[in-house]
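Colleague: can't give you the sequence, but here's the structure:
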């Protein structure tokens, strides 16, 4: 919002006039206990208070007008398809990584585990494609132990700088959330056929998991 110089002056004049009109009048017979009232006459006090109000009003108005005239910052750029388009996830090509930490056995083992998780997702996708009524719960609990999965994600994340870690952390949270929701969607009452709708939800979660692990591994 941009205001012209004439508009600014008009607002300022109106505001100052209002301040003057409503400035409190201090009677000469009233006794004050403050140092200011003891050292100044009532008329001096009134002038000082009026000047103070006018100055404060102008300062506030100037700040407001400056804020209104400032350009609105652009929204944070999103990194394409990675991490569900999150503004927290940067392009892997821009990632800052400590090569010494990356080369450690612990980090290399964690990266290998991430590849294994991606392979497990594809294995489950194949099982559901072969049998849309397959119970994938046992495979999920075996292949995606949450304690180990969290440890692998944290270890794999350690070579990155803070900006990169904010993005990879988000991907890790999405992985854990999708696995939890996938396990919930898999639960089916005995004797009840899995509906097309539920099957669609499961396949969608598996697609998201495959993408999340692929996105994470792209940083290496």
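Modeller: Noted; the coordinates are in hand. Just so you know, these numbers come straight off a predicted model, no measurement behind them.
Colleague: tell me the average confidence for the one helix or strand residue 164 maps to?
Modeller: Assigned by DSSP states H and E, residue 164 belongs to helix 162-186. The average pLDDT within helix 162-186 is 93.
Colleague: what does stretch 147-155 give?
Modeller: In this model, stretch 147-155 has a mean pLDDT of 96.
Colleague: what sits up against it?
Modeller: Stretch 147-155 is contacted from outside by 106-107, 109-110, 113-114, 117, 168, 172, 175-176, 179, 216, using CB atoms under 8 Å, 6 or more residues apart in numbering. Every C-beta, even on glycine, is put in place using the N, C-alpha and C of the backbone.
Colleague: make it 7 Å
Modeller: By CB atoms under 7 Å, 6 or more residues apart in numbering, the residues outside stretch 147-155 that reach it are 106, 107, 110, 113, 114, 172.
Colleague: next, the buried residues of the one helix or strand the third one maps to.
Modeller: This points to residue 110. Assigned by DSSP H and E, residue 110 belongs to helix 105-130. Within helix 105-130, the residues that count as buried by 16 or more other CB atoms under 10 Å are 107, 110, 111, 113, 114, 117, 118, 120, 121, 124, 125, 128.
Colleague: SS state for the residue lying closest to residue 118 once chain neighbours are set aside?
Modeller: Residue nearest to residue 118 in three dimensions, not counting chain neighbours: residue 213, with 4.0 Å by CB to CB, 6 or more residues apart in numbering. Recorded secondary structure, residue 213: helix (DSSP: H, G, I helix; E, B strand; the rest coil).
Colleague: ok, now which ones touch residue 213?
Modeller: 114, 117, 118, 121, 175.
Colleague: distance of the last one from residue 194?
Modeller: Applying CB to CB, to the nearest Å, one obtains 24 Å for the distance of residue 175 from residue 194.
Colleague: now do residue 188
Modeller: For residue 188, the distance to residue 194 - CB to CB - is 6 Å.
Colleague: same check, this time on residue 104
Modeller: From residue 104 over to residue 194 the distance is 44 Å, taken as CB to CB.
Colleague: again with residue 92
Modeller: In terms of CB to CB, residue 92 sits 37 Å off from residue 194.
Colleague: just residue 183 next, same as before
Modeller: Taking CB to CB, one finds residue 183 at 14 Å from residue 194.
Colleague: mind giving me the domain ranges of the chain?
Modeller: Following automatic domain parsing, one finds the domains of the chain at 5-69, 85-217.
Colleague: any idea which of these has the lowest pLDDT on average?
Modeller: In terms of mean pLDDT, the lowest-scoring of these is domain 5-69 (a mean of 46).
Colleague: need the contacts of residue 213 in JSON lines (columns: distance to residue 152).
Modeller: Below are the contacts of residue 213 laid out as JSON lines (distance: CB to CB, whole Å):
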{"residue": "114", "distance to residue 152": "6"}
{"residue": "117", "distance to residue 152": "8"}
{"residue": "118", "distance to residue 152": "12"}
{"residue": "121", "distance to residue 152": "14"}
{"residue": "175", "distance to residue 152": "10"}
